[in-house]
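Student: Quick check, what structure comes out for this input:
(chains A, B, C and D)
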Number of protein chains: 2
Amino acid sequence: MAYTDAITALSDPTRRAVFERLRAGPRPVGEMAATLPVSRPAVSQHLKVLKDAGLVEETRHGTKRFYSVRRDGLDELRRWIEGFWDDVLAAYKEAADDHDRSKD
Amino acid sequence: MAYTDAITALSDPTRRAVFERLRAGPRPVGEMAATLPVSRPAVSQHLKVLKDAGLVEETRHGTKRFYSVRRDGLDELRRWIEGFWDDVLAAYKEAADDHDRSKD
DNA sequence: CGTCTGTGTAAGCCATGGCTAACCGTAAGC
DNA sequence: GCTTACGGTTAGCCATGGCTTACACAGACG
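Tutor: Sure thing, here's the model as predicted:
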């Protein structure tokens, strides 16, 4: 059920903004909070949710903590969508075949 | 910003359950509500959200309304994840390269 | 036309959860 | 050992939104 945690975590706009900050690589909390319209504790809370959802991981360097995207977490979500996508295409194709047969 | 609507719509468990019912093809509202733990109006409301998010489309047959997955909507979400995924891999590779260079 | 079937809509209740402010813990630098 | 920098945690407030019940509406059928 991990992909559901990922979707839930990414449903919040602020949390997506936090996550987007990690697109290009690891970032410390304070740096991200400085470019966001919410307080640092809020960012910290969002990072906790992202971490619990398996989308993010933490690396400590002294008193700083760098957060980065956890690729396995993102990949689970990716695979769910691919699977859904495949099923939808298959159902669509099957419906088209049925329609073709009905025309005989 | 359409993929954000898709993620927001899919963040609710019940709404995901509704959406999953459409994996294998079009379904009328009542049939879906019968296999879900919520009332029919609730399902109707969820379908409205999914429709507004571009994830679902409606086809009327007499008094019945068949809902089906709208492929364009799902594809937008798919592409966002693919793009994010590519960026993360690129950032990871770049970091590895930097690390290699620093070892000279 | 009446009625039954299938569904959307409106009002109101209540739980979830995101935000801030205040506080606590820990590593670094002197 | 103080102080400062960097962040996680808690308490409490308030908006969002999902659910049900009651109502409205359109097409099929006699």
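
Student: Would you mind listing what in chain A touches chain B?
Tutor: For chain A, the contact set with chain B under CB under 8 Å from any CB of the partner chain comprises A:4, A:7-8, A:10-11, A:13, A:16, A:23-25, A:69, A:71, A:74-75, A:77-78, A:81-82, A:84-85, A:87-89, A:91-92, A:94-95. The C-beta positions use only the backbone N, C-alpha and C, and glycine is treated the same way.

Student: when you check those residues against the helices, which ones overlap?
Tutor: Secondary structure from DSSP state H places A:4, A:7-8, A:10, A:13, A:16, A:71, A:74-75, A:77-78, A:81-82, A:84-85, A:87-89, A:91-92, A:94-95 of the residues of chain A next to chain B in helices.

Student: quick one: the residue lying closest to residue A:39 once chain neighbours are set aside and residue A:69, what's the gap?
Tutor: Leaving aside its chain neighbours, residue A:39 sits nearest to residue A:33 (7.0 Å; criterion: CB to CB, 6 or more residues apart in numbering or on different chains). With distances taken as CB to CB, to the nearest Å, residue A:33 is found 18 Å from residue A:69.

Student: Those two - which one has more neighbours?
Tutor: Using other CB atoms under 10 Å in any protein chain shown as the criterion, residue A:33 and residue A:69 rank with residue A:69 on top: 24 against 20.

Student: pretty sure that one is in contact with residue A:24, am I right?
Tutor: No: judged on CB atoms under 8 Å, residue A:69 makes no contact with residue A:24 at a distance of 9.8 Å.

Student: so what's the backbone phi/psi at the residue nearest to residue A:39?
Tutor: In terms of degrees, to the nearest 10, the main-chain angles of residue A:33 are phi -60, psi -30.

Student: Sort out which of the residues of chain A next to chain B are buried, if you could.
Tutor: With burial judged by 16 or more other CB atoms under 10 Å in any protein chain shown, the buried subset of those is A:4, A:7-8, A:10-11, A:16, A:25, A:69, A:74-75, A:77-78, A:81, A:84-85, A:87-88, A:91.

Student: Please see if stretch A:2-20 touches DNA strand D.
Tutor: No: judged by CB under 7 Å from any atom of the strand, stretch A:2-20 stays clear of DNA strand D, getting no closer than 8.5 Å.

Student: Quote the end-to-end distance of that stretch.
Tutor: One end of stretch A:2-20 to the other measures 20 Å (CA to CA, to the nearest Å).

Student: swap in stretch A:17-26?
Tutor: End-to-end distance (CA to CA), stretch A:17-26: 14 Å.

Student: what's the pLDDT at residue A:104?
Tutor: For residue A:104, the pLDDT comes out at 50.

Student: again with residue A:33
Tutor: 97.

Student: ditto for residue A:98
Tutor: 58.

Student: do residue A:46 as well
Tutor: If you check residue A:46, the pLDDT there is 98.

Student: and it, what is it in contact with?
Tutor: Residue A:46 makes contacts with A:12, A:14-15, A:18, as judged by CB atoms under 8 Å, 6 or more residues apart in numbering or on different chains.
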